[in-house]
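# The following block contains a protein sequence and its predicted model.
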Amino acid sequence: MRVVSDTSPLCYLLLIDEIAVLPALFERVLVPRAVAAELSHSAAGRRLQEWIAAPPAWLEIRNVPQPPLELGRLGPGEIEAITLAEAIGADLVILDERKARQAATDRGLPITGLLGILARAAEKDLIDLADTLDRLGRTNFRAEPKLFKLLLEKP
């Protein structure tokens with residue numbers, strides 16, 4: 001499965017100590033150079049910088065062809081993630097920002113977000129969803145509280 005991720009899902013998985021769900025679910029995840037640059041930026045914080053400075057074997061950083069102009073309203077990581085996903089015919093793009101998700105969907109790309117990744121991980125018994133959502137809720141991650149509730153009520 002060819003999976004591309006934007007910056008935000010990686011950040012939050014690292015912050016809540018659940019980054020291991022990605023290789024457990026997908027074996028390999030691709031990120032564009034802009035995502036690696038965002039993770040290594042001084043504003044990202046030391047933990048993220050150290051992680052991307054020595055990325056795990058399952059994370060592949062890729063160069064991206066020239067992005068389409070119509071994606072210019074998105075952030076650099078989002079633009080390159082969508083462009084990379086299109087270039088390789090990705091099976092899934094992991095994006096959290098609403099405008100980026102809409103742009104990817106408009107281009108026919110299959111998407112999920114951090115909460116979708118956590119739901120998949122819980123279905124495979126890789127995480128305790130209630131505990132993980134509790135830890136996520138203590139970060140600055142923004143989502144409608146009803147989304148957390150829906151995930152926890154899912155059979």
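All right, it came through fine. Everything numeric here is computed off the predicted structure, so don't read it as measured data.
# Show me what the longest helix anywhere in the chain is in contact with.
Secondary structure assigned by DSSP state H gives helix 76-88 as the longest helix of the chain. Under the contact criterion Cβ atoms under 8 Å, 6 or more residues apart in numbering, helix 76-88 has outside partners 2, 4-7, 30-35, 37-38, 62, 64-68, 71-72, 74, 90, 93, 95, 97, 99-100, 103-104, 107, 109. In this view, the C-beta of every residue, glycine as well, is placed from N, C-alpha and C.
# So which of the residues you listed belong to strands?
For the contacts of helix 76-88, the ones inside strands are V4, S5, L30, V31, P32, R62, V93, with DSSP state E as the criterion.
# related to what we said a few turns ago, quick check: mean pLDDT across the longest helix of the chain?
Per-region confidence: helix 76-88 scores 94 on mean pLDDT.
# quick one: buried residues of that helix?
Buried positions in helix 76-88, judged by neighbour count with 16 or more other Cβ atoms under 10 Å: G77, E78, I79, E80, A81, I82, T83, L84, A85, E86, A87.
# Which residue is the nearest non-sequential neighbour of F26?
If the residues on either side of it in the chain are set aside, F26 comes closest to V3, at 4.6 Å by Cβ to Cβ, 6 or more residues apart in numbering.
# how many neighbours does that neighbour have?
Counted with other Cβ atoms under 10 Å, residues neighbouring V3 total 22.
# now swap in Q49 and tell me
Using other Cβ under 10 Å, Q49 has 14 neighbouring residues.
# my read: it touches E38, true?
No. Using Cβ atoms under 8 Å, Q49 is not in contact with E38; the gap is 10.5 Å.
# would you list the buried residues of helix 76-88 in TSV and tack on distance to E123?
Output for those, formatted as TSV (distance: Cβ to Cβ, whole Å):
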residue	distance to E123
G77	27
E78	27
I79	31
E80	29
A81	24
I82	26
T83	30
L84	27
A85	23
E86	28
A87	30
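# Need the pLDDT of D106.
Looking at D106, the pLDDT reads 94.
# again but with P155, I slipped
Taking P155 on its own, its pLDDT is 67.
# ditto for L71
Looking at L71, its pLDDT reads 74.
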